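1. Based on what follows, work out the 3D shape:
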Amino acid sequence: MGLDDDAREYHRADPPGKIEIETTKPTNTQRDLSLAYSPGVAAPCRDIAEDAGAAFEYTAKGNLVAVVSNGSAVLGLGDIGAQASKPVMEGKGVLFKRFADIDVFDIELDIEAVDPFCDAVAAMEPTFGGINLEDISAPACFEIEEQLRERMDIPVFHDDQHGTAIISGAALINAADIVDKELSDLQIVFSGAGASAIATARFYVSLGAKRDNITMCDSSGIITEKRAETDGINEYKREFARDVDGGDLADALEGADVFVGLSIGGIVSQEMVRSMAENPIIFAMANPDPEITYPDAKAARDDTVIMATGRSDYPNMVNNVLGFPFLFRGALDVRAREINEEMKAAAAAALAELARKDVPDAVVKAYGDDPLQFGPDYVIPKPLDPRVLFEIAPKVAEAAMDSGVARTEIDIERYRERLEARLGKSREMMRVVLNKAKSDPKRIALAEGTDEKMIRAAYQIAEQGIAEPVLLGDADSIRRTAERLGLRFSPEVIDPDQRDVSAYGDRLHELRKRKGITRREADDLVHRDTNYLGSVMVETGDADAMLTGLTHHYPSALRPPLQVIGSAADTDTVAGVYMLTFKNRVIFCADATVNQAPDAETLAEITRHTAELARRFNVEPRAAMLSYSNFGSVDNERTRQSRDAVKLLHEDPEIDFPVDGEMQADTAVVEEIMNGTYAFSELDEAANVLIFPNLESGNIGYKLLQRLGGAEAIGPMLVGMNKPVHVLQRGDEVKDIVNLAGVAVVDAQAE
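-> The predicted model follows:
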């Protein structure tokens, strides 16, 4: 089955299409319905009649965009008409929702003439917070956008014009920097003079390029002032007419710094590329076939060629999905009246800056595990990079407020946190911890300091102000890796071969001399095993916390800190906890990594430590002791251990959170069961701290919740240690290291 047949099946599968409407409020009872419709709906209606702005408070208007088209210029398909364009417009709605959580109604209008089209769109202003014009032919698209921007008091944005301009503008900023050229000096040649080309040329001028340095070519060659007078060229093309001799694209490219292709495939030869200036920038964005292929452009010359296309199988894909969702997100959230040049420039600058940052492992994996590092083959972020939302939208919102088109003012830092929450509950929860960490950063030892992920994590930890990272290991290796990765920072490094660590050997011997460790062995351990070195640093107070485990099996990574640091003074129990985040709830699962068969006392201690951890995430704990029995329905040694643990906790005067059990897992997490059959329980809400009866069930349980329940897992987080130590899982990503570093810092703050 070919791609076309796959696509047909994808679209026709029941229910047909790609979108549906879901309710966002309860509609289960008669009261719910009376609030949603008659008679309750009358109250918000009256308020909106008195103040039109109240529609943003009472309705979905503030998060609803219309994608509007007449199907007259559908990418790769041409003038196919309004009805045939509907799958494309639905697809655009999917992208809005997927990348920025914006709801969309697609509107296909069977109207060709400009004025009637504008009348129809303008009449819909009460419904929408913004209008995205799509796939409308030039020059009508210019007239339509201009007219609607004048008539409407909400953002109107023609993505075919401005999307490519913004994304390629970000690429141009970075490309010019890499080849050490100023935007104002660039000689830029455009192939194509349609809506996208003209909007892109205008945008480059707003970024700093000179209009007199832009040469635009259409199918008849260079657009000159002479042609503008004699060939009937429209007013939009005429804007970029040059007072130069005529010629074709090959003539225009001689000595040019930049080629911008928005035309047709295969029209640029290697000879034309060789005629360009030193270190040329080539944006060949015709789809599906670029004006020149990436391999051909690269092979044409020996110097640096920075190449971008519209294709995902080549580096530097100029994809509009990097722009429109986040522009509208920022505009909607400040109730902007329009999307202006300041907002577009802010988006381009933010995209350019994001490309210079370390790329998350998840993004690298999504693109085939090839290295992604700022340079000629990575000048713009990848579309699947989740950071784009909370890097771009705040800059757009800020620009809207600064330029006076925002109806409402927002706190940008709090806004970033709200945006992160849109990407998942785990980000919202981690933001709580990371903000606490930043308020009082601590010194954290990273035991596997030569590992590339640890070095990247150290960079992010330092850059975000989460902690003061100390990398343990070979200093020369760490320096070379940081340079190769382009990480511009100078972390503190403790290299046992270059630093005197004899004092740590003395301390390790003192702690373990009656456990079979000789003085020579202690000295050898702190020199060759950074887990012991880091553990002694934390034990002596030279570091506040420690992370390890990235390249070791969990038990072997845990052994040194247990031997050197040990458990807290008030307990003999150390446990591993995972925080699982779902769309609307958070659950802490313990013990998932340490205790194989805990007794009642150990279960009670695990519960106490896990509740303390939950509070560090600003979650009030409600603990359930899990079993296959419900409150004595099965009576044997194992169920009695869980029951006895609850009794111990109830007798402890310091326990100030509800805890009950033993109970089955569904009883613990389904409020209706808890409050129905077991209304006598100490828990009046679903539990958010789940204590498993043994390691086997804990490990199985959290992994099932993660894989089948769609939860995101953060951890494992060690609780019960005398000082903060966390053991990573082998293969954890950089974000996991950064997250656990934040948890470790908050632990240290509590110490």
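2. Quick check: longest helix in the chain by residues?
-> Counting residues, the longest helix found in the chain (DSSP state H) is helix 159-178.
3. so what does it touch, helix or strand wise?
-> For helix 159-178, the packing partners by 3 or more CB pairs under 8 Å, 6 or more residues apart in numbering; DSSP states H and E come out as strand 130-133, helix 140-151, helix 195-207, strand 258-261, strand 281-284, strand 306-309, helix 324-333, helix 341-354. Bear in mind the C-beta positions are built from the backbone N, C-alpha and C, glycine included.
4. any idea of the mean pLDDT in the helix or strand that comes right after that helix?
-> Counting by DSSP states H and E, the next helix or strand C-terminal to helix 159-178 is strand 188-191. Mean pLDDT, strand 188-191: 95.
5. Off-centre distance for the longest helix of the chain?
-> Relative to the chain's own centre, helix 159-178 is displaced by 20 Å; criterion: CA atoms, centre = their mean, to the nearest Å.
6. Grab the nearest non-local neighbour of Glu239.
-> In this structure, Glu239 finds its nearest non-sequential neighbour in Ile198, 6.9 Å apart by CB to CB, 6 or more residues apart in numbering.
7. same check, this time on Gly62
-> Phe56 (4.2 Å).
8. hang on, that neighbour in a helix?
-> Yes. Counting by DSSP: H, G, I helix; E, B strand; the rest coil, Phe56 falls inside a helix.
9. and it, what does it touch?
-> The neighbourhood of Phe56, defined by CB atoms under 8 Å, 6 or more residues apart in numbering, consists of Gly62, Gly129, Arg335.
10. ok so, going back, let me know how buried the residue nearest to Glu239 is, in neighbour terms.
-> By other CB atoms under 10 Å, the residues close to Ile198 number 24.
11. gap between it and Val74?
-> 19 Å (CB to CB, to the nearest Å).
12. Show me how the protein divides into domains.
-> Following automatic domain parsing, one finds the domains of the chain at 12-154, 179-320+355-382, 432-564, 575-720.
13. out of the helices and strands packed on helix 159-178, nearest to Glu239?
-> helix 195-207 (6.9 Å; CB to CB).
14. Helix or strand next in line after the closest one, which one?
-> Following helix 195-207 toward the C-terminus (DSSP H and E): strand 214-218.
15. how much does the longest helix of the chain deviate in direction from helix 341-354?
-> Using axes from the mean of the first three to the mean of the last three CA atoms, to 10 degrees, the inter-axis angle of helix 159-178 relative to helix 341-354 is 50 degrees.
16. before we move on, the earlier item: quick one, which of the domains of the chain gets closest to Arg422.
-> Going by CB to CB, the one of these nearest Arg422 is domain 12-154, 4.8 Å.
17. Tell me, what's the model's pLDDT at Asp369?
-> 61.
18. and if you look at the one 5 residues further on?
-> Taken from the predicted model, the pLDDT recorded for Phe374 is 89.
19. what about the closest residue to it other than its chain neighbours, neighbour count?
-> Leaving aside its sequence neighbours, Phe374 sits nearest to Arg356 (CB to CB, 6+ apart; 4.8 Å). Look at Arg356: counted by other CB under 10 Å, it has 16 neighbours.
20. Give the residue spans of this structure that score low on pLDDT.
-> Scanning the chain for pLDDT under 70 picks out 1, 368-369.
21. Please report how far the residue sitting furthest away from the middle of it lies from Tyr236.
-> Distance from the centre of the chain peaks at Thr230, with 51.5 Å (CA atoms, centre = their mean). According to CB to CB, Thr230 stands 17 Å off from Tyr236.
22. coming back round to it: who's in contact with the residue nearest to Glu239?
-> Taking CB under 8 Å, 6+ apart, one finds Ala138, Phe142, Gln161, Met216, Tyr236, Lys237, Glu239, Phe240 in contact with Ile198.
23. Any chance of the domains of the chain in TSV with distance to Phe390 as columns?
-> Shown next, in TSV, are the domains of the chain (distance: least, CB to CB, whole Å):
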stretch	distance to Phe390
domain 12-154	10
domain 179-320+355-382	13
domain 432-564	13
domain 575-720	16
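24. For Glu341, find the nearest of those domains.
-> Per CB to CB, nearest to Glu341 of these: domain 179-320+355-382, 5.3 Å.
25. what's the span of that closest one from first residue to last?
-> Using CA to CA, to the nearest Å, the end-to-end distance of domain 179-320+355-382 comes to 21 Å.
26. what do you get for stretch 516-532?
-> OK, stretch 516-532 end separation, CA to CA: 15 Å.
27. Would you mind measuring from the residue nearest to Ala176 when sequence neighbours are not counted to Phe203?
-> The shortest distance from Ala176 to any non-neighbouring residue, by CB to CB, 6+ apart, is to Leu183 (5.6 Å). Leu183 sits at a distance of 12 Å from Phe203 (criterion: CB to CB).
28. cool, and Arg507?
-> 62 Å.
29. Settle it for me: which of the two has more neighbours?
-> Between Arg507 and Phe203, counted using other CB under 10 Å, Phe203 has the larger neighbour count: 22 against 18.
30. thinking the more buried one is in contact with Ala165, fair?
-> Yes. With contacts counted by CB atoms under 8 Å, Phe203 reaches Ala165, the gap being 3.7 Å.
31. Wait, a strand at Tyr578?
-> Yes. If the criterion is three-state DSSP, then Tyr578 is within a strand.
32. how many neighbours does the residue lying closest to it once chain neighbours are set aside have?
-> Distance criterion CB to CB, 6+ apart; nearest residue to Tyr578, sequence neighbours excluded, is Gly715 at 3.9 Å. Gly715 is flanked by 26 other residues according to other CB under 10 Å.
33. what kind of secondary structure is Gly715 in?
-> Going by three-state DSSP: Gly715 is strand.
34. on that earlier part again, ranking the helices and strands packed on helix 159-178 by burial, who's on top?
-> strand 281-284 (a mean of 29; mean count of other CB atoms under 10 Å).
35. now for that strand, which elements pack on it?
-> Going by 3+ CB pairs under 8 Å, 6+ apart, strand 281-284 lies up against helix 159-178, strand 258-261, helix 294-299, strand 306-309.
36. In contact with Thr639, which residues?
-> Applying CB under 8 Å, 6+ apart, the residues near Thr639 are Ser627, Tyr628, Ser629, Gly632, Glu662.
37. Ok, Gln641 next?
-> Pro598, Asp599, Ala600, Leu603, Pro693.
38. returning to that earlier point: looking at it, the residue nearest to Ala176 is touching Ala209, isn't it?
-> Yes. Counting by CB under 8 Å, Leu183 does reach Ala209; the two are 5.2 Å apart.
39. excluding its backbone neighbours, what's nearest Val725?
-> Pro561 is the one closest to Val725 (CB to CB, 6+ apart), at 4.3 Å.
40. Look at that neighbour and give its secondary structure.
-> Per three-state DSSP, Pro561 ends up helix.
41. Could you report the distance from it to Gly541?
-> If you go by CB to CB, the gap between Pro561 and Gly541 works out to 15 Å.
42. Those two: which has the busier surroundings?
-> Set side by side, Pro561 and Gly541 show more neighbours around Pro561, with 29 against 9, by other CB under 10 Å.
43. mind listing what the more buried one touches?
-> So, once contact is read as CB under 8 Å, 6+ apart, Pro561 ends up touching Asn531, Gly534, Ser535, Val538, Met546, Thr548, Met721, Val725, Val727.
44. Now secondary structure and neighbour count too, for the residues you listed, in CSV please.
-> Shown next, in CSV, are these (DSSP: H, G, I helix; E, B strand; the rest coil; neighbours: other CB atoms under 10 Å):
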residue, secondary structure, neighbour count
Asn531, helix, 27
Gly534, helix, 32
Ser535, helix, 31
Val538, helix, 25
Met546, strand, 31
Thr548, strand, 25
Met721, strand, 24
Val725, strand, 29
Val727, strand, 29
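45. Most widely separated two among those?
-> Asn531 and Met721, at 13.9 Å, using CB to CB across these.
46. From Glu712, how far off is the most centrally placed residue in the chain?
-> Taking CA atoms, centre = their mean as the criterion, Pro386 is the residue nearest the geometric centre of the chain, at 2.0 Å. Applying CB to CB, the value for Pro386 to Glu712 is 12 Å.
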